[in-house]
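K.L.:
sequence-free structure coming up:
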Ligand code: NAD
Ligand code: UGA
């Protein structure tokens with residue numbers, strides 16, 4: 001059997017590497033139109049940072065795992081074609097700012113239809129609006145040359161930073177297909193691939209629309225938990241309650257559960273906002289404004305949390321940060337990834353720059369080029385592939401410097417904002433940090449990673465999320 005995956009990104013790369021590792025008899029080829037990305041996958045410096053990924057790729061690359069720009073050849077030869085291209089939020093036209101832009105998906109589907117000479121199972125790996133499979137089916141069967149295409153929805157639930165662990169041991173694999181004999185046969189074929197390492201009870205099979213919608217629903221529920229706890233954090237700050245104690249107290253109720261209740265500066269990442277906006281748009285299109293408004297609120301609270309953080313920094317530093325150096329520790333949207341898509345750091349930095357602060361930014365996995373690009377980009381533009389972006393950063397360089405050491409970022413700063421929960425920020429020598437800063441020395445912990453009381457003993461003024469001063 002031969003598998004081809006279109007899209008060598010955060011999902012396509014790790015997912016296919018794990019399939020290749022677990023299914024040595026299957027040939028897996030990951031293809032992409034972005035030559036630099038493919039070159040990186042074929043080098044010692046993979047295009048994404050993900051713990052454990054290097055090891056998996058090294059074990060099977062060149063044996064049964066290949067990365068190529070020869071998209072048409074490998075699609076034509078494949079029995080199963082995964083489509084894992086980006087599905088960003090539309091930036092213009094109908095549904096701009098909400099609806100999913102399926103341009104990349106549609107062009108992949110048209111190409112599959114054009115180059116295929118044998119029957120294929122086409123798998124939606126990308127996150128797509130419910131009912132996308134119907135449109136894709138129409139495109140695939142439009143130029144039918146006696147070829148059968150069976151479309152499956154197999155959404156991905158991995159989280160960045162833990163992708164390999166998530167793929168090795170998924171809570172579930174979801175496969176949706178048509179309820180016809182051919183549809184069921186296609187489901188069985190894909191199920192057999194995952195059955196190499198996932199137990200039967202964890203492979204859920206549904207109809208196409210349930211699988212497509214479950215992916216949007218899962219992300220909406222996860223993001224909703226964060227917005228709920230972040231909304232509580234504002235109330236904690238106003239009342240003297242401690243959000244960590246509240247999270248722990250409610251999380252011990254087995255109906256609520258302890259995970260995903262960490263208050264923060266706000267959620268980021270390429271999918272939560274995009275997928276909720278997409279869900280909102282689908283609800284609106286289906287005449288369900290109340291449902292749309294319910295989910296919209298999750299995004300609004302997230303935006304509120306980021307604004308609240310900036311306002312707190314400015315107001316506690318005597319209502320102005322103009323000309324003051326502020327160290328930004330962490331720029332990625334979470335630890336153990338170099339991904340900055342929709343990171344709350346972008347909004348926080350832009351907010352502080354708007355108040356004329358001087359920022360010194362350090363993240364162990366994010367380059368200066370990436371940070372500069374992020375700070376100069378318009379909302380929603382980031383998910384339109386980098387190779388299609390004009391690379392003309394316009395950030396005022398005098399206001400922003402990017403350094404490769406936390407102590408360097410902090411030296412002579414008036415305040416520190418911790419925006420990503422990298423482990424190394426817990427282990428800094430805060431006595432040394434304090435001595436190198438302007439006084440009073442402020443710490444704004446957007447991830448609740450430092451021991452605020454210990455820092456106060458040193459002399460810092462510490463603001464944590466949802467905790468008493
Ligand atoms: P990505 O931007 O990292 O990768 C997508 C890749 O597809 C890019 O390299 C791009 O060049 C390529 N591409 C676009 N059009 C193409 C075409 N016509 N032919 C060949 N290659 C093409 O995106 P990602 O983070 O991997 O996400 C992909 C999909 O998976 C999205 O729908 C996303 O919502 C979903 N998803 C992402 C995650 C995550 O953690 N990032 C998790 C679950 C689901
Ligand atoms: C999320 C989901 O967890 C995955 O299941 C899903 O496959 C993926 O989106 C997707 O569809 O792209 P990811 O965005 O990679 O994964 O990372 P998460 O661990 O979910 O974190 C998202 C954001 O929420 C981060 O900014 C994180 O710091 C924040 N977060 C998370 C909190 O602020 N508090 C928490 O308790 C948990």
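P.N.:
Arrived safely. Quick caveat, the model's predicted, so the values are computed rather than measured. Ligands and ions are numbered 1, 2, ... in the order given.
K.L.:
Which stretches in the stretch 201-350 of the chain count as helices?
P.N.:
Applying DSSP state H, counting those that start in this stretch to the stretch 201-350 of the chain gives helices spanning 208-239, 243-251, 272-285, 289-316, 344-354.
K.L.:
For the nearest residue to residue 202 once chain neighbours are set aside, what are phi and psi?
P.N.:
In space, residue 202 comes closest to residue 172 once its chain neighbours are excluded; the distance is 5.1 Å by Cβ to Cβ, 6 or more residues apart in numbering. No exception for glycine: its C-beta is placed from N, CA and C like everyone else's. Dihedral angles phi and psi of residue 172 (degrees, to the nearest 10) take the values phi -160, psi 160.
K.L.:
on that earlier part again, so for ligand 1, which of the helices of the stretch 201-350 of the chain sits nearest?
P.N.:
helix 272-285 (6.5 Å; Cβ to the nearest ligand atom).
K.L.:
need the residues of this structure near ligand 2, please.
P.N.:
127, 156-160, 219, 222, 226, 260-262, 264, 267-272, 333-334 (Cβ under 6 Å from any ligand atom).
K.L.:
Spell out for me the PyMOL command that would select the buried members of the residues you listed.
P.N.:
The following PyMOL line selects those of the residues of the chain next to ligand 2 that are buried, judged by 16 or more other Cβ atoms under 10 Å:
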select buried, resi 127+156+157+158+160+219+222+226+260+261+262+264+267+268+269+270+271+272+333+334
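K.L.:
quick revisit: out of the helices of the stretch 201-350 of the chain, flag the one nearest residue 326.
P.N.:
helix 344-354 (6.0 Å; Cβ to Cβ).
K.L.:
Packing partners of the next helix or strand after that closest one?
P.N.:
Using DSSP states H and E, the next helix or strand after helix 344-354 towards the C-terminus is strand 358-362. Strand 358-362 sits against strand 325-329, helix 344-354, strand 400-402, helix 406-410, with contacts defined as 3 or more Cβ pairs under 8 Å, 6 or more residues apart in numbering; DSSP states H and E.
K.L.:
circling back to that earlier point, tell me which entries of the residues of the chain next to ligand 2 lie within strands.
P.N.:
Counted as lying in strands by DSSP state E, out of the residues of the chain next to ligand 2, is not a single one.
K.L.:
Around the residue nearest to residue 202, how many other residues sit close by?
P.N.:
Neighbour count for residue 172, taken as other Cβ atoms under 10 Å: 13.
K.L.:
Next: the one 4 residues further on.
P.N.:
Here the count is done by other Cβ under 10 Å, and residue 176 has 26 residues near it.
K.L.:
one step back: and the residue nearest to residue 202, what pLDDT?
P.N.:
Predicted confidence (pLDDT) for residue 172: 98.
K.L.:
got the contact list for it?
P.N.:
157, 202, 203, 204 (Cβ atoms under 8 Å, 6 or more residues apart in numbering).
K.L.:
Scan those residues and report the most crowded one.
P.N.:
For those, neighbours tallied by other Cβ under 10 Å; top is residue 203, 18 neighbours.
K.L.:
Could you measure from it over to ligand 2?
P.N.:
Applying Cβ to the nearest ligand atom, to the nearest Å, the value for residue 203 to ligand 2 is 17 Å.
K.L.:
repeat for residue 456
P.N.:
Residue 456 is 24 Å from ligand 2, by Cβ to the nearest ligand atom.
K.L.:
what would the helices of the stretch 201-350 of the chain look like in CSV with distance to residue 414?
P.N.:
Listed next are the helices of the stretch 201-350 of the chain as CSV, based on distance: least, Cβ to Cβ, whole Å:
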stretch, distance to residue 414
helix 208-239, 22
helix 243-251, 26
helix 272-285, 31
helix 289-316, 10
helix 344-354, 11
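K.L.:
a markdown table for these, including distance to ligand 1 and mean pLDDT?
P.N.:
Putting the helices of the stretch 201-350 of the chain into a markdown table (distance: least, Cβ to the nearest ligand atom, whole Å; pLDDT from 0 to 100) gives the following:
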| stretch | distance to ligand 1 | mean pLDDT |
| --- | --- | --- |
| helix 208-239 | 7 | 98 |
| helix 243-251 | 24 | 98 |
| helix 272-285 | 6 | 97 |
| helix 289-316 | 16 | 98 |
| helix 344-354 | 16 | 97 |
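K.L.:
Looking at those, which is nearest to residue 92?
P.N.:
helix 272-285 (14.4 Å).
K.L.:
ok, residues contacting that closest one?
P.N.:
The contact list for helix 272-285 (Cβ under 8 Å, 6+ apart) reads 87-89, 95, 97-100, 127, 129-130, 215-217, 219-220, 222-223, 226, 267, 289, 291-292, 295-296, 298-299, 302, 342, 383.
K.L.:
quick one: it to helix 208-239, angle?
P.N.:
120 degrees (axes from the mean of the first three to the mean of the last three Cα atoms, to 10 degrees).
K.L.:
quick one: low-confidence ranges for the stretch 1-150 of the chain?
P.N.:
143-144 (pLDDT under 70).
K.L.:
the helices in it, which residues?
P.N.:
Under DSSP H, counting those that start in this stretch, the stretch 1-150 of the chain gives helices at 12-22, 35-41, 53-60, 71-77, 103-115, 132-142.
K.L.:
Check which helices and strands the fifth one sits against.
P.N.:
Secondary structure elements in contact with helix 103-115, counted by 3+ Cβ pairs under 8 Å, 6+ apart, are helix 71-77, strand 80-83, strand 120-124, helix 132-142.
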